[in-house]
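K.L.:
Fold the following and give me the result.
(chains A and B)
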Number of protein chains: 2
Amino acid sequence: MPEIPAARAKDLEHIFYPKSVAVLGTNRVVGTVPYDIFANILRDNFQGIVYPVSPKERSVAGVRAYKYVLDIPDPVDLAILVFPSTVCNLALEQCGQKGVKAAIIISAGFREIGGAGIQREEEIKAIAKKHNISFIGPNCLGVINTDPLSHLNASFARKMPAEGNIAFLSQSGALCTAVLDYAQAKHIGFSKFVSFGNKANINELDLMRYLKNDPKTKVILVYLEEITDGAGLMNVAHEIITETGKPILVLKSGRTREGAAAAASHTGSLAGSDEVCDAALKQAGVIRCTTVEEMFNTAIALAYQPLPRGNRVAIITNAGGPGVLATDAAVAQKLSLATFSPETLEVYKKSLPATANIKNPVDVIGDARADRYKVALGSALKDVNVDGVLVILTPQSMTDIENIAREVCNTIGQFDKPAYASFMGEKDVAAGISILQQRSIPHYVLPESMCRAFAGALFFKNYREMKPEDLQVFSSVQKEKAGSVLQGALNAGRKYLPEEESVKILEAYGLPTLLSGLAKSGADAAAIGERIGFPVVMKVVSDDIVHKFDVKGVVLDIRSRTQAEEAYDSIISDIGKVMPDAKIKGIYVQRMVTKGEEVILGVKRDPSFGAVIMFGLGGLFVEVFRDVSFRVAPVGPRSASEMIREIKAYDMLAGARGKKPRDIRSVEECIQRLSKLALDFPEIKELDINPLIVNDEGGGCYVADARIML
Amino acid sequence: MPEIPAARAKDLEHIFYPKSVAVLGTNRVVGTVPYDIFANILRDNFQGIVYPVSPKERSVAGVRAYKYVLDIPDPVDLAILVFPSTVCNLALEQCGQKGVKAAIIISAGFREIGGAGIQREEEIKAIAKKHNISFIGPNCLGVINTDPLSHLNASFARKMPAEGNIAFLSQSGALCTAVLDYAQAKHIGFSKFVSFGNKANINELDLMRYLKNDPKTKVILVYLEEITDGAGLMNVAHEIITETGKPILVLKSGRTREGAAAAASHTGSLAGSDEVCDAALKQAGVIRCTTVEEMFNTAIALAYQPLPRGNRVAIITNAGGPGVLATDAAVAQKLSLATFSPETLEVYKKSLPATANIKNPVDVIGDARADRYKVALGSALKDVNVDGVLVILTPQSMTDIENIAREVCNTIGQFDKPAYASFMGEKDVAAGISILQQRSIPHYVLPESMCRAFAGALFFKNYREMKPEDLQVFSSVQKEKAGSVLQGALNAGRKYLPEEESVKILEAYGLPTLLSGLAKSGADAAAIGERIGFPVVMKVVSDDIVHKFDVKGVVLDIRSRTQAEEAYDSIISDIGKVMPDAKIKGIYVQRMVTKGEEVILGVKRDPSFGAVIMFGLGGLFVEVFRDVSFRVAPVGPRSASEMIREIKAYDMLAGARGKKPRDIRSVEECIQRLSKLALDFPEIKELDINPLIVNDEGGGCYVADARIML
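P.N.:
You can find the predicted model right below:
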């Protein structure tokens, strides 16, 4: 995927590594944002020069101030604007005149307040464009770069975080303050920390692309309240993951309808379907998290430890109860409990007390001290049947917590396998936890969180190892034919394509349709029926009728010429009674399929992610259980296969209850052809094939009804 | 429900409020269990007298020791045994001779190690019975009573918890140590704290019954790895909740198959179905939790704050992002966002800055100080449209965290409505959180946990307000008739009742069955068909054939005498080909129902909870989605109605997709009749009605197939 040139043009180097910074609008009032920002840069050991710019003050925090940015006698790489929003346009204009190339606009009062704020945001965008200034914000907390080369705390956060290899990008500034506080307490360091606010210029995609090449960043975390360019996000994520192996974790709020409404009133964003967002992020290899805590829990596993090779975990505990809880949690995350090799069991038999449980979960018993943890953990890590180890400790009277913590760190350090720890409790275990955290052993308050983090790391490992998927090329596609049917409807100003037109389009894309014909009379219907073979279905065709069943516009299971003629008359007369004004184009006569499983295929347009393909089992399964799968187009052969297999009702197709397996391969092909159609014709807003009837293996499938909305 | 006399006889008063305690098997080695237990009682300010008993020592911790308990010159209320398991029998025997009435057996090495341990446990049980000694344990951490009247720390826990109104009972001793540590850090106090270990004598039910009348206890928490007497647990829980209004929270581990196996190897317990356990606890009003943290999160909400009156919450936050996350979390817990009254909105408009979002979630903006929180919180609590308030704070540069914490406490204290808080972050907010915790305002690290706790409190409130359910009396039940059919099968040594016998039993209990007859010849079949009316279904009857469909033993939709005769012959001949030795009793001819929704009813016997009634929609819904509901019998009219309504596919019965609603009342009656049948005949191990065909409203329902296993 080619990089977008516009993004490359954005100047992020001057945001993170400026040689000189001017803070425009600072003041002398300690505890206010304008002062704090300047003081933070100055005191947190910035490696360049920082200039205060204040029309009213002669100096700020002991540093000589300038009235205007233009007064600064030296070049300025980065301007930070903390003026009230109403004067930001003037300040930014002066930055342009000064030749400043990058800015961070902290000030609020723009798009997020609506009305005049939107106007103001457009103004600063225009000024920035004119002077070719790249900027972060407005309405943000600022930017932090912990790299000792720069060591820039251009934010009004209360504290500069420690250096680390996790980058954090956030659409919410306030969340940043909570995150910094949380991370400090847990000894979690950051490489870059960015609150990007309204993202009027530099957005999360630009930042992610920058972090891709940032040698200080190993894991990328993003908090989003809206996804404006879903396809862009997927591309960037996929590119980062496959080219650099850096995991990306996204916390996207507004999952529920009410949450999305709250987010909209907060950021003015437009919500797509959360289910589609879930599927799309997964498709791009992104780990989606539901809470801040879950995001960091998974991030430290990825940042600190090697990826697991598989899902077989060993649990080591000094207490039976927590071992049981951890087992439940592991299984709930689809991990399996490793079966130890005979060598490991031999070591355990020899080294652990007779009362110890040496099967997984290994209970080293309440009086275990560091030596017992060492042998249990070391042997498990050495065991070829073990992909990772979960170490649990409860503070019992004999437990030498700190020694155990040190021994756990030492032992894990000797192997290239992931091991995480959960020291349960709080005060008594605090010193032990601190040792683990300082030595970068992922620690979790709950065994449940530990298992979820392991599962997240495993998802990422599996995604990275997947070979790229080549799209299948279908030679038989007749794009022009489909296009002319669509054009005809568009020319006639129609938004809805009835079955017989929809079927023509699908046919042009090689989807298997049923023999059919349009009858204009009873005799016509009988003749068509005889030609295509009974039994047939007959359905009314009218632009005025969308729900054919409701007006008795459909007759099933017609088995003879006579029945076909009768059906023709009865449909015409029944509709005449309820919809006398409906303009009837004719009656569609279609071969009837009597056997097979009904599935549904669909195309949707998501405001963030674009063309989305949907698959589900027919009727009730979709309606009652929302048992459907989604993929953003294009969908290749592997994704098509996964889509079918990930619905809960998959067993129904695979041959449950003694039934024969259905022709899944033919459905996979339909999904891929539909994906091509959806990408070729963006004017298709919605498409439903309901049902697609799937025969037994080798028997193919058939489009039994379809409709397209433009 | 009558109290069980045996339980009342157990002497728990001497466990919690002994005037004198002897520690048998103590020593002088600091840091060992035998020493720590004695020292804990002595140093943690026990209000009675404690005697060390040690065959080898003259004194322990400065207190004169006795060789044997019999040497103590004064009466002893409670004996604590810390001897090795091998001598506990002798020690307990001497306690009996001394007239000790209660004991806590800390020592491990009993049932949990199998073999000789099981034998040892039987011995101490026999000795206790002989001397009428009630005891806790063996294999436990001990007992703590924080009541100043006793102030007993008879445990080897590292610390005595603070006094509080939460009681904690645990099957796992090690979990207790983690819980005590966790609770201390969060300023959570306890009334009673019991590790009951192998519960060879006093079990969780005895303890719960005691706590019911304990004025110091407001909320009861129980950690279980096995539920031995599920029915007893339900009775006790229901009794406590309805009579005293004390909520009960249960953390039951072993949810998954693997977890249950780990628990079994740890405690030797037998696992029932986790789904049944879930349903049964809910039925008894118990709040089931999945993690220790969730249990305490809900417990503090119940212990500290009034119950919510409804599900309408107000969210007050100083940051938009967390407000969105909290909204998502609230909706996920089925809470609704309150719509403020005009008065509240008026106050907000007047008192909050223009940029504040005054709709729910209320964003008081990042620079909010205590005054703004006060007005936002106070007005929300006053609003009649608000049932509870969730207060969120992020530590921004202007945030006066501790003042806000104090103001939040003061404001909440003025109203009789629940309000919880989430101060996000860790170090910066620590002092603020501590203020909240010390003043008993429930605090949560995550908005998600906060909403879950609110939902838990709401569940409890709704349960408490439910009127007791009277069982419906069915006069038409013919118990003897059903009994004689069952007896016939039992006498013949059969474990399986075929359809025609199962139907007789169901008929005797008033379940609606279809007209039918047993045909011994083709002519017979034709005559029966004519008598009951076509169409009919014909099914083979043979003790040798369980799966009739698989051997072509069923023919559907027989519409005439001729077809009936043909069907008879074809069944006989088809079975003759595949199962020539099957003994055929005849062919069952049954009226066929062609319309209606198929549902499934069933009876199961759970090893913990006894007779369980199951309901689900037919076929695939049960098999693929496990979309079923359970209730422990007896099932009354309200529970029957709930069972039907709580499955996901309920809409299918209620009239979705333009269909008419089905006759749900008739199914409710069937469920209740089945419940009576299950209780009347414990010899029924399993019963399936599959399907029960439900007609449109008013049309009733019919048992279309059934089988009973004995």
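K.L.:
just checking, residue A:648 touches residue B:624?
P.N.:
Yes. Applying C-beta atoms under 8 Å as the test, residue A:648 and residue B:624 come out as touching, 6.0 Å apart. Just so you know, the C-beta spots here come from the backbone N, C-alpha and C atoms, and that holds for glycine as well.
K.L.:
between the two, which one's more packed in?
P.N.:
Taking residue A:648 and residue B:624 together and counting by other C-beta atoms under 10 Å in any protein chain shown, residue B:624 has the greater number of neighbours (20 against 17).
K.L.:
Would you mind extracting the C-alpha trace of whichever strand or helix holds that one into CSV?
P.N.:
If you go by DSSP states H and E, residue B:624 is part of helix B:620-625. Once side chains and other backbone atoms are set aside, the C-alpha atoms of helix B:620-625 remain, and they are given as CSV (Å, rounded to 0.1, in the frame of the first residue of the first chain):
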residue,chain,number,x,y,z
LEU,B,620,-31.3,-25.2,16.5
PHE,B,621,-31.9,-22.5,19.0
VAL,B,622,-31.0,-24.9,21.8
GLU,B,623,-28.3,-26.8,20.0
VAL,B,624,-26.4,-24.0,18.4
PHE,B,625,-27.0,-21.0,20.7
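K.L.:
mean confidence for that helix?
P.N.:
Regarding helix B:620-625, the rounded mean pLDDT is 73.
K.L.:
I'd like to know which elements that helix is packed against.
P.N.:
Contacts of helix B:620-625 with other secondary structure elements, assessed using 3 or more C-beta pairs under 8 Å, 6 or more residues apart in numbering or on different chains; DSSP states H and E, are made with helix A:620-625, helix A:650-654.
K.L.:
Apply 7 Å and report the result again.
P.N.:
Counting contacts by 3 or more C-beta pairs under 7 Å, 6 or more residues apart in numbering or on different chains; DSSP states H and E, helix B:620-625 packs against helix A:650-654.
K.L.:
average pLDDT for the helix it packs on?
P.N.:
In this model, helix A:650-654 carries a mean pLDDT of 87.
K.L.:
Please point out which parts of the following helix or strand past it sit buried.
P.N.:
Read in the C-terminal direction, the helix or strand following helix A:650-654 is helix A:664-680, with elements assigned using DSSP H and E. Judged by neighbour count (16 or more other C-beta atoms under 10 Å in any protein chain shown), helix A:664-680 contains these buried residues: A:664-680.
K.L.:
can you narrow these to ones near chain B?
P.N.:
With C-beta under 7 Å from any C-beta of the partner chain as the criterion, the subset of the buried residues of helix A:664-680 in contact with chain B is empty.
K.L.:
Provide a list of residues in contact with the residue lying closest to residue A:478 once chain neighbours are set aside.
P.N.:
With C-beta to C-beta, 6 or more residues apart in numbering or on different chains as the criterion, residue A:478 has its nearest non-adjacent residue at 4.3 Å, and that residue is residue A:508. If you count contacts by C-beta atoms under 7 Å, 6 or more residues apart in numbering or on different chains, residue A:508 has them with A:478, A:481-482.
K.L.:
how about a cut-off of 8 Å?
P.N.:
With contacts defined as C-beta atoms under 8 Å, 6 or more residues apart in numbering or on different chains, residue A:508 is in contact with A:477-479, A:481-482, A:485.
K.L.:
Which strand or helix spans the residue lying farthest from the centre of chain A?
P.N.:
The outermost residue of chain A, judged against the average C-alpha position, is residue A:562 (56.7 Å), by C-alpha atoms, centre = their mean. Element membership of residue A:562 [criterion: DSSP H and E] is helix A:561-578.
K.L.:
repeat for residue A:21
P.N.:
When secondary structure is defined using DSSP H and E, the element that contains residue A:21 is strand A:20-24.
K.L.:
in its sheet, what does that strand sit against?
P.N.:
Counting by DSSP bridges, the strands paired with strand A:20-24 are strand A:49-53 (parallel), strand A:78-81 (parallel).
K.L.:
So which elements touch the next helix or strand after the last one?
P.N.:
For strand A:78-81, the succeeding helix or strand toward the C-terminus, using DSSP H and E, is helix A:85-98. For helix A:85-98, the contact count by 3+ C-beta pairs under 8 Å, 6+ apart identifies strand A:78-81, strand A:102-105, helix A:116-131 as packing neighbours.
K.L.:
Please name the residues that touch the residue nearest the centre of chain A.
P.N.:
In chain A, the C-alpha closest to the average C-alpha coordinate belongs to residue A:281, at a distance of 2.6 Å (C-alpha atoms, centre = their mean). Neighbour list for residue A:281: A:233-234, A:237, A:250, A:252, A:288 [criterion: C-beta under 8 Å, 6+ apart].
K.L.:
Show me which of those is closest to chain B.
P.N.:
Within these, the smallest distance to chain B is 9.8 Å, found for residue A:252 (C-beta to the nearest C-beta).
K.L.:
By mean pLDDT, flag the weakest helix or strand of chain A.
P.N.:
For chain A, the helix or strand with the lowest mean confidence is helix A:5-9, at a mean of 43 (criterion: mean pLDDT, DSSP states H and E).
K.L.:
Whichever residue of the stretch 401-550 of chain A sits closest to chain B - how many residues pack around it?
P.N.:
When scored by C-beta to the nearest C-beta, the stretch 401-550 of chain A has residue A:425 as its residue closest to chain B, at 3.0 Å. Burial measure for residue A:425: 26 neighbouring residues, criterion other C-beta under 10 Å.
K.L.:
In terms of pLDDT, where does it sit?
P.N.:
According to the predicted model, the pLDDT of residue A:425 comes to 87.
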